[in-house]
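1. when you get a sec, could you give me coordinates for this:
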Amino acid sequence: MDMAYNGAVYSASNASPVWEFRMPTYAFEAMNSSGQEVKDEIEAASNEEAIAKIRGKGFFPTKVREKAAKKAAKKKKAADAAPTSPKKKMPLSIGGVPQKQLVSFTRQLSTLQDAGLPILRSLQILEEQQKPGLLKAIIGGVADEVEGGGTLSDAMSQYPKAFDKLYVNMINAGEAGGVLDIILNRLADFMEKAAKLKKKVIGAMIYPGVVISIAVAIVSMIMIFVIPKFEQIFKDFKTELPTVTKVLLYTSRWFAQDYGWAYVLFAPIGLFVIIKLVRISEGGKYAVDLIMLKIPILGSILGKTAIARFTRTLGTLISAGVPILDAINITKETCGNEV
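-> A predicted model of the protein is given here:
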C-alpha cells in the first residue's frame, strides 16, 4: 500500500518502508542568449530554486509558474483542511486607493522583502499595521490568495482599484526574476515621480483657471447690476442706440431677468458630463483627446505630460525585465491619452 504525505510517497509492504520525495514541477518561459523564447518545465523545491536552475542553463527567465495541477491540488488540500469562511467583503469606496497610501504600502513591502521575510508574512504584517479602509481589506484579500497557493501578481490582478496593469506586470517580472524587493522599490519611486508630475501640471493650470473664473464673475456682476441701470438712462434719451449697445443691453436683460446666469454657471458642469459620456466609447475617447491637444497652451501641457508619462513608464518596465512588446502594450494603456 502506498501513502502520500507532504509531497512524499510512503510505500508500505513487508519490506522496509521507502520514502520517495516528489519535487514540484515548474513551467517556465525564458530568453536564450540569442534572444529567442524558450518554453520548458523544470523540477525544483521552490520558485527561487527553479529560477536559479533556469539561470544555470544560461536562460533569462521571464515567467515561472508552478504547474496548475499541483497548485490546484494544494489549494484543494488547504481548502479541505481549513474551516470554510466567507470571502472578505470590500468596504464601499468611491474611486480607488489613494496614491499616497499605495506608495507607502509598496515601500514598506519592499523593505520587508529586502529583509528576507516571506511574502505572506510581509502582507500579514502590513495588513495589521494598516488603518481600517479599502487598502487594508485589499491587502487581506491578497494575503488570502497567496496563502491559498497563488502568486502575488495573480492575487493583485484581482484588485484593479489598487493595482493597475503596470503595477501587476512589474510585480510579475519581479517574481520571475527573483528581484521582487528591487522592483517594489522602483515602483514606489515611479509612483512618487508620477505624483510630483501630476502636482506640477495641476499647479500650472490653477493660475489661468483662477484668472478666468474671476473674469467671468466680474463680467456677470456688471451684466446683472450695472448695465440695467444704464438701460433706463438710455430710454430717457429717446434716441436710436447703436447696434452694439442694443446687443449689450439685450444680453444684460437675458442674463439678469431670464436666468442667463444659470446657463453660464451650469454650462461647464454640463460640458464635463457630456465629455464623460462621449469618452465611454473608444472613438469618443480619441476624438476628445484630439480636441484637447488642439487647445492652445492646455494642449501643449497635456501633450508633454503624456509623453513624460509614456517614457517614464516604458523605461521602468524595460528595466524591470518586462519584454519590450509587452512593455509597449502596457504603456499604451497607461499614458492617459488615446492619440
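2. shaky segments in the stretch 51-200 of the chain?
-> 67-95, 177 (pLDDT under 70).
3. and the helices in it?
-> 68-81, 99-114, 119-129, 134-147, 152-156, 165-177, 180-221 (DSSP state H, counting those that start in this stretch).
4. now the residue most central in space within the chain, what are its backbone angles?
-> Nearest to the geometric centre of the chain sits residue 164, at 2.8 Å (Cα atoms, centre = their mean). Main-chain torsions, residue 164, degrees, to the nearest 10: phi -80, psi -180.
5. residue 29: what secondary structure?
-> Here residue 29 is strand, with the state taken from DSSP: H, G, I helix; E, B strand; the rest coil.
6. from here on, count from 51
-> Okay, residue one is now 51; in that scheme the one you just asked about reads as residue 79.
7. next one: the residue nearest to the centre of the chain from residue 365, what distance?
-> According to Cβ to Cβ, to the nearest Å, residue 214 stands 17 Å off from residue 365. Where you see a C-beta, it was placed from the backbone N, CA and C, and this is true even at glycine.
8. look up the closest residue to residue 387, ignoring the ones flanking it.
-> Using Cβ to Cβ, 6 or more residues apart in numbering and skipping the chain neighbours, the partner closest in space to residue 387 is residue 356 (4.1 Å).
9. in which helix or strand does the one you found reside?
-> helix 348-369 (DSSP states H and E).
10. I'd like the distance from that helix to the chain centre, please.
-> 15 Å (Cα atoms, centre = their mean, to the nearest Å).
11. also stretch 232-240?
-> Chain-centre distance of stretch 232-240: 14 Å, with Cα atoms, centre = their mean.
12. okay, that stretch in PDB with CA atoms only?
-> Provided in PDB are the C-alpha atoms of stretch 232-240 (Å, rounded to 0.1, in the frame of the first residue of the first chain):
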ATOM      1  CA  ILE A 232      14.100  45.800  -6.200                       C
ATOM      2  CA  ILE A 233      11.000  46.000  -8.400                       C
ATOM      3  CA  LEU A 234       8.900  47.200  -5.500                       C
ATOM      4  CA  ASN A 235      11.400  49.900  -4.700                       C
ATOM      5  CA  ARG A 236      11.400  51.000  -8.300                       C
ATOM      6  CA  LEU A 237       7.600  51.000  -8.300                       C
ATOM      7  CA  ALA A 238       7.500  53.300  -5.300                       C
ATOM      8  CA  ASP A 239      10.000  55.700  -6.900                       C
ATOM      9  CA  PHE A 240       7.900  55.700 -10.100                       C
END
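13. any buried residues in the helix holding residue 356, and which?
-> 351-352, 355-356, 358-360, 362-364, 366-368 (16 or more other Cβ atoms under 10 Å).
14. tell me which of those is nearest to residue 388?
-> Nearest to residue 388, judged by Cβ to Cβ, of those is residue 356 at 9.8 Å.
15. show the pLDDT at the closest one.
-> If you check residue 356, the pLDDT there is 80.
16. what do you get for residue 311?
-> Model confidence at residue 311, given as pLDDT, is 71.
17. again with residue 264
-> pLDDT, residue 264: 90.
18. number of residues surrounding it?
-> A count of neighbours around residue 264, defined by other Cβ atoms under 10 Å, yields 10.
19. residue 220 now?
-> 27.
20. same check, this time on residue 261
-> 10.
21. next: residue 229.
-> Residue 229: 17 neighbours (other Cβ under 10 Å).
22. and residue 92, by the same measure?
-> Residue 92 has 19 neighbouring residues, counting by other Cβ under 10 Å.
23. wait, it sits on residue 105?
-> No: Residue 92 is beyond contact range of residue 105, at 11.1 Å (criterion: Cβ atoms under 8 Å).
24. how much space between residue 288 and residue 211?
-> According to Cβ to Cβ, residue 288 and residue 211 sit 69 Å apart.
25. of these two, who's got more company?
-> Higher neighbour count among residue 288 and residue 211: residue 211, with 13 against 6, using other Cβ under 10 Å.
26. please consider this matter closed, and thank you.
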